[in-house]
Every structure is written in structure tokens, then in C-alpha cells.
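Enquirer: give me a 3D structure for the following:
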Amino acid sequence: MGAVIGGLALSSCGQDRQEDTSDGRPNIMFILAEDMTLDLGCYGRTDVQTPNLDRLAAEGVMYTNARCVAPLSSPTRSSMMTGLHHTITGTHNHRSNHDVPLPDRTVRPFTAYLRDAGYTCILGNRDCFENPVTHNDHESSRKLDLNFKFENVGPYDGVRHFGLFDKLYDIMPEDAPFFSQVTLYNTHRGDWWKAIRAKSEHPVNPASVVLPPYLADHPKVREEFACYLDQVEYMDAQFGMVMDQLEEKGLLDNTIVIFIADNGRAELRAKGFMYEDGTKIPMIVWGKGVKHAVVDDLVSELDIPATILKLAGVDIPDYYQGKPLDVFNAPDEQNGGHDWLYLARDTWDEIFECIRGVHTDRYTYVRNYMPHVPYDPHHMYQEFYRPALHVMRTMRDQGLLNEAQMLFFAKSKPVEELYDYIADPFCLHNLAGNPQMLDVLNQMRALMDSWLAEYPDRGIEDRLTRVLAEDRRDENRPRPYVQKYYPEEWKKIEAGEIVDKYDIWKIEQKKMKAAQRNNAGAAD
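Expert: Numbering: from 1, shown residues only. As a prediction, the model looks like this:
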């Protein structure tokens, strides 16, 4: 495909080209970006340059109304790996159950079906970005981030063996047919944002950024948003590199590429919430035989595992809740997507929550099972990685926020919310109390109730009995450490500076805690 990086078309040099031995079945490349809504040029953003993904969309199928299953990474990734909604499998709470196998042994990761069918499953790309401080799997191209027991590589039986892939990194011709999953991690919030912006040949101009109306138009907010778009551009270049590598090995012509983001943008009223910028994601499919189309149908990340298995010629399990995307037909021959989708958000770090949503092709309905938990619960992650949060708290106290910007600072949430996201794409006007919308509200209630009558929802069941993990307690996390030992740095954070030392502080705090425990043990 020849990547377009920095505005220059890079043709394949032809080195290391080897014959694809896939027996006619397609190779499948599944590439996930982090924390991003429709922030690509192909989706209409004019303040960002994404030539590689724009080309993918121009030649493939681009979905304009694709939804994540949860507005957080680990539950939505768990759903895609199993083909079942995370509220059914008990994988709903973020970063949980890492020592707990899937409860139903008949439910298998989709990679197990692929491996049974002769596919080589390969995880990650050694040349893609990873956190240069921690080198953690979940902060790299190897990210899986699943809420059940698993290992990256090895056999899988769900009882004694929990490996999901055959190997890491290198795709060889003899691996064909292969399935490769790569996460382009840098768009996730992290200490690298300023460094990536500093290295950009064309950093995004904060003055040109188009802000959503729920964010304050403040220089620090513009700087943060521009820095986010710099990450999107870097991610696009990484995507182009991966495509070039396939072409250089002679494997691209028989490879189907699926690109998505795991959930929406990491911003206020986005990631973690049921609104458009939290649940709507880019989804593009490209490859041999794929006909170009722009599809407005409502589709889901749960459709991804079904699509992968169908592409591989593998029978789709009866229990799968998604349906395969119709990527080989013309636009007017598409299968129509879904009438409606069920979404869920539960515990995120130290914040207990239980939000349920239904999306149709026009409306979003939200049911808040914990309305007493405010939108701004002083979540530690957001306090480090949402400069806009601190700026807007100050502006709130000064009476400088408008009605749309004040929504995030309500002391509680309504029990029900209803939005016409076609007319109100930022979900600013709750129609649940509008008498003229009562029929629509009842229809949306009935859809949610029909789901809950048919399927268990483990998050609703456990919402009153959850226990905070020890490592999520405030005293074991960096916020009080930075406030005590780096007060000047905390003042910078409160002034809206982009954080670039969180991982260092986290390591320092762990070392200090370990030394304190050792000293206490010696004293005993």
C-alpha cells in the first residue's frame, strides 16, 4: 500500500519480498488505536493530517456509526475477544479478574478458533510505540487488556492453559495464513505526549483546533487538544509503517486490514461516558475484494470477531452477539447493521459506577444506576491526564463556564438521559424530561429492559457489593505522593500543564512504600 508519512509517499523498496503461502485464505491484520473518536481526516476533521488512514478509507469500507461495547478499553476488548458482551461474562469492571478464567468453558477466545483452523496468531509489532519507561504489555503494541485470565502466548484450554497467540511480533511467509493484532498505543494518555509533539515536523496549531462545545475555549485546553491531535498524526504514521512492512514482505495483497479504536476520545464527557465522543469510534476495513463504501449503518465492535472468523472461513459460534460486516458488497447491498445496541460502563479504577446505554440509529438512551456519583468524581487518572479538568474547575469557580461546559460539574447525574444525537451530536440537551419525547423514551426503555430480561448483567448484579482493590486505594497511588513531595509540580498540573512525569512518580512511590515496609519489618 505504500505508506504516506509526513506527506511523502513511500513506495516499497522490494527488499525481503517472499511468497505468501496462505493457501488462498486471507491473512487478517487487526489494528487498534487507543482512545479516539472520529478524529481522522477521512471522517471530516480539518485540523489533523492522517494520510495513511485517509487512503485506507478511500479504498475500503468506512463505517460512520460504529460503536464500542463499553467506553473503556478492558471491557470492550474482553467483549471482542469472547464475542459476548462483557456484562454477560463478568468482565465488566475495568482491569479486573486477571486471575479468573472465563466462567463458561464453552466460551473461547476468537483466536482459539483461528488457531484450530490453521491460522498463525501473532501479537504486536516490535517497531511500534510502547511506553519507554514501563515497557508494560498493556502500554505497547502487545496490549490485550482483558478482564479474565490469559497469557499472551501459549496453548489455550481455559482450564490450565490460557495462551491467546502463537508468538510475538515477526510475521514470516511461512506463518500464512496469519492473524496479527497490533495496538497503536501512543494515542492513549501518557507521559510521552509532549515528547511526540516536540518531535513533530508539523505540530498541530492550537489556534486551528476545533473544540467540542463542552470544553472551555482556553489556551491550555487548546494546547492539550492540539497535543492529542499530534498523537493521532503519529499513530497514522505508525499505521503506515505497519502497512509498508507487509508490502515489503509481499504479504499485503492477500491481507484484509481492519482498523478501529477501542473506545472514544480520552476527554471530559467522552471516554467513560455514553455520549458520542465516548462511544463512537472509527472503523475501516480494507483489502483484496473489499469494495469501497461509506456505510452509515449502526455497527458494533462485537461485529469484529464475527467478521474475522467469517473472513477466515471459520464457523461463527452460535453464542456470538455480533454479526459479520458485509465488506465485499456494494454500498446498496450492505446487510443493514443493527437496529440497536446495548452498552455498559462499570468500575473504572477507584470510581465505582454503573451506567447502561442503548443506541439506535438516531437516539441515545442512558440509565444511571448510580446517579449520586457525579461526572467529576475527582478520579485520580483524570486529575493527572485531563488538563482541561483543572482549567475548567477554576473557570467554574470564577463563573466563566457556559451551560454546556457546566454539564460535567453537576453534583449528580439524572437517572435517565435521552439524546437525539443527529440533531444534538454533542449530547448537550437531555430530552428525557420532555413530554413530547415520552413515546421515544418509552421505546428506548423497552429496548433496554428487553436486553436485561434476556441476558444477565453482572455489573448491575454486583454494583452494591464491589470491593476496592488495594492498589486502587488513594494512599497507594501517586496523587497524594505528588501533592506532598512535589507540590510545585502539582500546582503546574492544576494550572493545566500536560503531565510527563507520572510514571517516574509512580515508580518512586512504590520504592518508598517498599522501603517503609522493610523498615517496619526490621523494627518488628
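Enquirer: quick one: Arg396 and Lys492, what's the gap?
Expert: Look at Arg396 and Lys492: by CB to CB, to the nearest Å, they are 20 Å apart. Quick note: C-beta positions are derived from backbone N, CA and C, even for glycine.
Enquirer: just Lys167 next, same as before
Expert: 43 Å.
Enquirer: these two: who's more crowded?
Expert: Using other CB atoms under 10 Å as the criterion, Lys167 and Lys492 rank with Lys167 on top: 17 against 14.
Enquirer: tell me the buried residues in stretch 152-165?
Expert: For stretch 152-165, burial by neighbour count (16 or more other CB atoms under 10 Å) applies to Tyr156, Gly158, Phe162, Gly163, Leu164, Phe165.
Enquirer: my bad, stretch 353-369
Expert: Neighbour-count burial for stretch 353-369, counted by 16+ other CB under 10 Å, picks out 353-360, 363-369.
Enquirer: and it, how far out from the chain middle?
Expert: Distance, stretch centre to chain centre, for stretch 353-369: 18 Å (CA atoms, centre = their mean, to the nearest Å).
Enquirer: and stretch 516-524, by the same measure?
Expert: 42 Å.
Enquirer: likewise for stretch 120-132?
Expert: Mean-position distance between stretch 120-132 and its chain equals 17 Å (CA atoms, centre = their mean).
Enquirer: that one: end-to-end distance?
Expert: 28 Å (CA to CA, to the nearest Å).
Enquirer: what pLDDT, on average, does it get?
Expert: Stretch 120-132 shows a mean pLDDT of 96.
Enquirer: contacts for that stretch, please.
Expert: Outside stretch 120-132, the residues that touch it by CB atoms under 8 Å, 6 or more residues apart in numbering are 111, 114-115, 136, 139-142, 144, 152-153, 164-171, 175-186, 190-192, 234, 238, 241-242, 245, 503.
Enquirer: mind redoing it with 7 Å?
Expert: Stretch 120-132 is contacted by residues 111, 114-115, 139-142, 152, 165-169, 171, 175, 178-182, 184-186, 190, 192, 238, 241-242, 503 when judged by CB atoms under 7 Å, 6 or more residues apart in numbering.
Enquirer: are any of those buried, and which?
Expert: Burial by neighbour count, 16+ other CB under 10 Å: within the contacts of stretch 120-132 this picks out 111, 114-115, 139-142, 165-167, 171, 175, 178-182, 184-186, 190, 192, 238, 241-242, 503.
Enquirer: for this protein, give me the ranges with low pLDDT.
Expert: 1-22, 331-332, 334, 524 (pLDDT under 70).
Enquirer: phi, psi of the one residue sitting closest to the centre of it?
Expert: Nearest to the geometric centre of the chain sits Asp262, at 2.4 Å (CA atoms, centre = their mean). Dihedral pair for Asp262: phi -70, psi -30, per degrees, to the nearest 10.
Enquirer: ok, now which ones touch it?
Expert: Leu32, Glu34, Cys68, Ser73, Thr76, Arg77.
Enquirer: give me every residue that touches the closest residue to Gln49 other than its chain neighbours.
Expert: Leaving out its chain neighbours, the residue that sits closest to Gln49 by CB to CB, 6 or more residues apart in numbering is Glu233, at 5.6 Å. For Glu233, the contact set (CB under 7 Å, 6+ apart) comprises Val48, Gln49, Thr50, Ser200.
Enquirer: secondary structure element for Glu233?
Expert: Using DSSP states H and E, the element containing Glu233 is helix 219-248.
Enquirer: name the helices or strands packed onto the helix or strand just after that helix?
Expert: Per DSSP H and E, the first helix or strand lying C-terminal to helix 219-248 is strand 255-261. Where contact means 3 or more CB pairs under 7 Å, 6 or more residues apart in numbering; DSSP states H and E, strand 255-261 is packed against strand 27-33, helix 51-59, strand 280-286, helix 303-311.
Enquirer: tell me the angle strand 255-261 makes with strand 27-33.
Expert: Here strand 255-261 runs at an angle of 20 degrees relative to strand 27-33 (axes from the mean of the first three to the mean of the last three CA atoms, to 10 degrees).
Enquirer: number of residues surrounding Val299?
Expert: Using other CB under 10 Å, Val299 is surrounded by 27 other residues.
Enquirer: wait, isn't it in contact with Tyr63?
Expert: Yes: assessed by CB atoms under 7 Å, Val299 is found in contact with Tyr63 at 5.3 Å.
Enquirer: give me the common contacts of those two.
Expert: With CB under 7 Å, 6+ apart, Val299 and Tyr63 have common neighbours Met283.
Enquirer: how near is Lys411 to Phe426?
Expert: 21 Å.
Enquirer: give me the more crowded residue out of the two.
Expert: Comparing Lys411 with Phe426 by other CB under 10 Å, the one with more neighbours is Phe426, at 17 against 8.
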